[in-house]
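1. Below is the sequence, then the predicted model.
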Amino acid sequence: MRKEVVLLPGDGVGQEIMKGARTVLETVASEYDHEFVFHEHAIGGDAIDRYGVPLPDDTVKACEAADAVLLGAVGGPKWDDMPADKRPEKGLLGIRKRLGLFANLRPVQGFGPLVHASPLKTELVDGCDILIVRELTGGLYFGEPSGRSEDGQSVVDTLSYTREEIERIVEKGFEAAQMRSGHLTSVDKANVLESSRMWREVVNEKAADYPDVTVEHQLVDSAAMKLITNPKHFDVIVTENLFGDILSDEASVLTGSLGMLPSASVRTDGVGLYEPVHGSAPDIAGQGIVNPLGMILSTAMMLKYSFGMEKEAEEIERAVSQTLADGYHTRDLDVEGGKVVDTEGIIGKVIDHLSTESISNSICSSYM
Ligand SMILES: NC(=O)c1ccc[n+]([C@@H]2O[C@H](COP(=O)([O-])OP(=O)(O)OC[C@H]3O[C@@H](n4cnc5c(N)ncnc54)[C@H](O)[C@@H]3O)[C@@H](O)[C@H]2O)c1
Ligand SMILES: CC(C)[C@H](C(=O)O)[C@@H](O)C(=O)O
Ligand SMILES: [Mg+2]
């Protein structure tokens, strides 16, 4: 298959992890006889520096025309003093909105080889497998009005959702639960927020269409507590934009590092954007030590969801898992007896496991 992929490396470690994604895809292409054509475009601070805006029109057009988009990360202290509408993060929010990517799927897995990497007790983490379904194009991130009063003494951000926006993401949550364990946790703040009360109403209405799914409502504050005291309680979590942002970084603690989490930003049909959950990590950018596995696992999500390449995606996941099982990891992971390697080192190990020989071995062993 021939696929056009837009690469948006962005800022900070974005450039370093994108190299890993590209190398992995090139290996998959040669092993499986695919052709991935890469088109690199600017976003975030990189785009501000080069073109004066965080989301150039060319970038949007290229993404709209692509088969899929991969994004590294945006932002960093260099642009912290820019006015709100010119910040790098506006580029990311802009592309999500322009492409209509309302559903952000954030799987939290990888506990096999990493079960001892989490600061949480092993028995709490072992066997966890959670999918956070985060609403991505509404809520506080996009509500109007937003800004300061003329005298600078008051400020407003608006949390707004239409019923339709809630319905479509809640449906994604139910569909995911149906395909997994059949349990859905809807996270809100219905004891305080009107938007959450409408959210809860929609979840209860939709539940009738999914009789095979059990639903529970959980307030976001206690959900945050339960996520690290009893994570196995959760399977699919569906929640609004800001709650999903915060809970997913928290959930990364289960894997031992924020650098491990991939994500898919999708809509019902059309182009999808794949991005790790973490940011531009300015504290370690340029040092060659960033963990590229969240980005690499995002490429696996792209192959599965946008290109229907299930087998190829599984091979990437297997290669990552075997690399970790061999004891190799970057320094953000604290694994007793593990072997710390740099970014290039870990990418090389993943590639070794993607080579023809190792793939054919895994195919043989899967029939035994
Ligand atoms: N998708 C995105 O583009 C995205 C996501 C989150 C934050 N950001 C931006 O990134 C900048 C920094 O934000 P932050 O520091 O709060 O969050 P961050 O995710 O960039 O970093 C938080 C901490 O985790 C570490 N970390 C993150 N990813 C890592 C990886 N792959 N390997 C090893 N360590 C990793 C960092 O070194 C840092 O100590 C901000 O400008 C923020 O807006 C962008
Ligand atoms: C950089 C920021 C706008 C972004 C978000 O809040 O959505 C990030 O934290 C994420 O999780 O993708
Ligand atoms: Mg975030």
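-> Arrived safely. Computed from a predicted model, the values in this text were never measured in an experiment. Ligands and ions are numbered 1, 2, ... in the order given.

2. How many residues are close by the residue in the stretch 101-250 of the chain that ligand 1 sits nearest to?
-> Distances between the stretch 101-250 of the chain and ligand 1 by CB to the nearest ligand atom are smallest at residue 249, namely 7.2 Å. Backbone N, C-alpha and C define where each C-beta goes, glycine included. Residue 249 has 15 neighbours, counted by other CB atoms under 10 Å.

3. contact partners of stretch 338-349?
-> With contact meaning CB atoms under 8 Å, 6 or more residues apart in numbering, stretch 338-349 is reached by 16-17, 19-20, 23-24, 288-293, 296, 323, 326-331.

4. Now list the buried members of those.
-> Buried by 16 or more other CB atoms under 10 Å: 16-17, 19-20, 23-24, 289-293, 296, 323, 328-330, out of these.

5. Would you verify that residue 334 is located in a helix?
-> No: according to DSSP: H, G, I helix; E, B strand; the rest coil, residue 334 belongs to no helix; its state is coil.

6. Give me the phi and psi angles of residue 158.
-> Backbone torsions for residue 158, taken as degrees, to the nearest 10, come to phi -120, psi 130.

7. Longest strand in this structure, by number of residues?
-> Ranked by residue count and defined by DSSP state E, the top strand of the chain is strand 2-10.

8. what separates that strand from the chain centre, distance-wise?
-> 16 Å (CA atoms, centre = their mean, to the nearest Å).

9. neighbouring strands for it, and are they parallel or not?
-> strand 35-40 (parallel), strand 68-73 (parallel) (DSSP bridges).

10. how about it: buried residues?
-> By neighbour count on 16+ other CB under 10 Å, the buried set for strand 2-10 is 3-10.

11. got those residues as a markdown table, with distance to ligand 2 columns?
-> Formatted as a markdown table, those follow (distance: CB to the nearest ligand atom, whole Å):
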| residue | distance to ligand 2 |
| --- | --- |
| 3 | 24 |
| 4 | 24 |
| 5 | 20 |
| 6 | 17 |
| 7 | 17 |
| 8 | 13 |
| 9 | 15 |
| 10 | 10 |
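
12. May I see the residues you listed arranged in CSV, with distance to residue 161 and pLDDT as well?
-> Shown next, in CSV, are those (distance: CB to CB, whole Å; pLDDT from 0 to 100):
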residue, distance to residue 161, pLDDT
3, 34, 98
4, 33, 98
5, 32, 98
6, 29, 98
7, 32, 98
8, 27, 99
9, 32, 98
10, 28, 98
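
13. Looking at these, spot the one nearest residue 166.
-> residue 8 (28.5 Å; CB to CB).
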